[in-house]
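> next come a sequence and a model predicted from it.
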Amino acid sequence: MNPRLVDGRWYTTAELASVLGIDSSSLRRWRTANPPCGPAYVRVSPRVVKYSAADVETWLQGLRTDPAEAA
């Protein structure tokens with residue numbers, strides 16, 4: 001069973017950065033990288049980006065390393 005890492009809501013860049021314990025500039029840099037990286041996002045307007053908790057969950061699960069499985 002996969003543990004839930006975030007709740008089922010939508011986050012702004014600043015809110016998600018706070019949840020992840022990173023600077024919001026990291027999320028902005030990931031969005032503008034070529035190719036883009038980081039969690040999937042929705043551009044609501046030119047200045048507003050939202051992140052779905054489900055997309056963040058999927059992204060985090062993809063980054064997860066289980067030492068027991070890696071051995």
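Looks like it arrived, so ask away. Residues are numbered from 1 along each chain as shown.

> tell me where the chain has strands.
10-12, 42-45, 48-52 (DSSP state E).

> for Ala33, find the nearest of these.
strand 48-52 (14.3 Å; Cβ to Cβ). For the C-beta atoms, the positions are set from N, CA and C on the backbone; glycine is no exception.

> can I get that closest one in PDB? Just the C-alpha atoms.
C-alpha atoms of strand 48-52 as PDB (Å, rounded to 0.1, in the frame of the first residue of the first chain):
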ATOM      1  CA  VAL A  48      -1.300  31.700 -11.500                       C
ATOM      2  CA  VAL A  49      -0.100  28.100 -11.400                       C
ATOM      3  CA  LYS A  50      -1.800  25.400  -9.400                       C
ATOM      4  CA  TYR A  51      -0.500  21.900  -8.400                       C
ATOM      5  CA  SER A  52      -2.900  19.000  -7.800                       C
END
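
> list the pairing partners of it within its sheet, with orientation.
strand 10-12 (antiparallel), strand 42-45 (antiparallel) (DSSP bridges).
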